[in-house]
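Visitor: quick one, what's the 3D model for this:
(one chain, ligands or ions: 1)
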Amino acid sequence: MTVRPQTRIETATPADADDVLRLLDQNHLPLDGLVDHIATTVVARHNGVIVGSAALEIYPDGALLRSVAVAPQLQGHGLGHELTDAAIRLARDLHVPAIYLLTTTAERYFPKFGFERIPRADVPPTVQTSIEFTSACPSSATVMRKSLSVADESCPRESPSTASGAWDGLHCVPDGDDRTSGSSTSTKWPVDRKPRRTC
Ligand SMILES: CC(C)(COP(=O)(O)OP(=O)(O)OC[C@H]1O[C@@H](n2cnc3c(N)ncnc32)[C@H](O)[C@@H]1OP(=O)(O)O)[C@@H](O)C(=O)NCCC(=O)NCCS
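Guide: Have a look, this model is predicted:
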C-alpha cells in the first residue's frame, strides 16, 4: 500500500483540532492541553483527511513532543517517522534546545530519532508544567530527551539544494530512503491494545 503520494505533512490549523483529538482518542492518547498547542502541531493529511499528528508544546527551556499518532489502518508505513521528523524540524526552527517526551507505549520507537531515556528529575521545570507531566500521563511513564544541535541535522536547513537528501515540505528524505515505496506491511507491536489512555 502506498501512503506518501496522497499524504501531506503540514502545520495544523485551529480548524483541525477536532480531527486531531479524534485521532488521539482512537489511539488512546491524552487529549488534555492539545488544543492550546495546535499552532505547533504537524498533521498528515491523506486524501484530505487527518491521519497522523505530532505536537510540540513549547516552553522557555525546552519542548515537549506529544500526540505522535497515526491512524491504525495506516500504521507501519513510515508516517510516524515523517511526523516525528517534521516535529523535530519545527523545534529546530524555533531554536528549542531540547525536546522531551513521555511515553508508556513507544520507548523503543523514539531512540532512532536520537531520543534517550532520562530521569524525570532531569526535565526542566517549565517543561514539567505540561499537562502531560502534571496529570495526563502516569508518573511511571518513560521520559526521553533529544538534545538539538546543528550537527544532528540530516539536511542543511539553509540550503536545501545542497542537501544529501530531498526536501519534501517540512522534512528531509535522505538519499536511499526507500520509505517512498510504502511497501512495509509488518506490524510488530500489539495491535489489540486495550482502550485505556496511554502516553
Ligand atoms: C507509534 C506510531 C506513531 C508509529 O507510527 P507508524 O507510522 O506506525 O510507524 P513507522 O511506520 O514510522 O515505523 C514503523 C517501525 O516502528 C516500529 N514501531 C511502531 N510503533 C512502535 C512502538 N510503539 N514501539 C516500538 N516500535 C514501534 C515498527 O515495528 C516498525 O519497525 P520496523 O521499521 O523495524 O519494521 C504509531 O504506531 C501510533 O500511532 N501508535 C499509537 C499511538 C502511540 O503509541 N503513540 C506514541 C505516543 S508517545
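
Visitor: so which helix or strand of the protein has the lowest pLDDT on average?
Guide: strand 165-168 (a mean of 37; mean pLDDT, DSSP states H and E).

Visitor: so who does the nearest residue to residue 25 once chain neighbours are set aside touch?
Guide: With C-beta to C-beta, 6 or more residues apart in numbering as the measure, residue 31 is the residue that lies nearest to residue 25, at 6.4 Å, once sequence neighbours are left out. For glycine as for every other residue, the C-beta is placed from the backbone atoms N, C-alpha and C. With contacts taken as C-beta atoms under 8 Å, 6 or more residues apart in numbering, residue 31 has the following neighbours: 21, 24-25.

Visitor: filter these to the buried ones?
Guide: Taking 16 or more other C-beta atoms under 10 Å as the criterion, what is buried in the contacts of residue 31 is 21, 24.

Visitor: save the contacts of residue 31 as JSON lines, and put in secondary structure and pLDDT too.
Guide: Putting the contacts of residue 31 into JSON lines (DSSP: H, G, I helix; E, B strand; the rest coil; pLDDT from 0 to 100) gives the following:
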{"residue": "21", "secondary structure": "helix", "pLDDT": "98"}
{"residue": "24", "secondary structure": "helix", "pLDDT": "98"}
{"residue": "25", "secondary structure": "helix", "pLDDT": "97"}
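
Visitor: buried ones in the longest strand along the chain, by neighbour count?
Guide: Longest strand in the chain, counting residues (DSSP state E): strand 49-59. The neighbour-count check on strand 49-59 (16+ other C-beta under 10 Å) flags 50-59 as buried.

Visitor: which two in the residues you listed are spaced the farthest apart?
Guide: Largest separation among those by C-beta to C-beta: 51 and 59, giving 28.0 Å.
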